[in-house]
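> Sharing a model prediction with you, sequence too.
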Amino acid sequence: MTLRISLKDGEMMIVNGAAVRSIGRTRLCIEGKAAVLRGRDLDTVDMTTPARRLYYATIASYTDPEHLGAHQDEIVAALTEVIATLRTPVAQSAAASFARLVATSDYYRALADCRALMAMENASAPRARLSAATAASAPARA
C-alpha cells in the first residue's frame, strides 16, 4: 500500500514514533506499513476530558508499540469513563465501534471514533454545566 502525503512548510507529522517536520513544501510517498499521523491529528490532544484521554491513549498505542501494554491499560480506563459519561445510544455505538477497532489493532481508524466521541462530549458539556448551574441556584428545601 502506498500513502502519498503533501506537507506545507513547517508542517509536522509522526512516522513510526519519530517526529518529522517539513522544510518547504514537501511531497512524500510512504510505501509499506507505517504508523503515520499528521500534525492536525495531534492538535486536539489536551487530555482534559475522558474522550480526549481516550484519543491520546489511542495515539500513544499507535505510535509507541514498545509500551503498548501500558497504553492499552490507559485505553481501557478512559473508555470505561467515556461509556459512563456518554449514555446516548449513538455514543454507546461509537464506543463499541472504537473497541472493535482497538481489539484488531486498527488504531488509526479508531481515532475517527474518538473524534466522534469528543464531539458528543463537547455537545453534552453545555447541557451538563447548565444542569449543574440550575441545581446550584435552586432554593434549598428544609
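Nice, thanks for sending it over.

> what about Ser97, neighbour count?
Per other CB atoms under 10 Å, the neighbour tally for Ser97 reads 16. (C-beta placed from N, C-alpha, C; glycine too.)

> Correction: the previous question concerned Arg109.
If we define neighbours as other CB under 10 Å, then Arg109 has 13 of them.

> Can you tell me the closest non-neighbouring residue to it?
What sits nearest to Arg109 in space, not counting adjacent residues and going by CB to CB, 6 or more residues apart in numbering, is Leu101, at 5.1 Å.

> Let's see the helix or strand where that neighbour lies as CSV, backbone CA atoms only.
Leu101 is located in helix 89-103, with elements delineated by DSSP states H and E. Extracted as CSV, the C-alpha positions of helix 89-103 are listed here (Å, rounded to 0.1, in the frame of the first residue of the first chain):
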residue,chain,number,x,y,z
PRO,A,89,-27.3,5.1,22.0
VAL,A,90,-25.2,6.9,19.4
ALA,A,91,-22.3,7.3,21.9
GLN,A,92,-22.5,3.8,23.0
SER,A,93,-22.4,2.6,19.4
ALA,A,94,-19.3,4.8,18.7
ALA,A,95,-17.7,3.4,21.8
ALA,A,96,-18.4,-0.2,20.7
SER,A,97,-17.1,0.5,17.2
PHE,A,98,-13.9,2.0,18.8
ALA,A,99,-13.4,-1.1,21.0
ARG,A,100,-13.7,-3.4,18.0
LEU,A,101,-11.1,-1.4,16.1
VAL,A,102,-8.7,-1.3,19.0
ALA,A,103,-9.2,-5.1,19.5
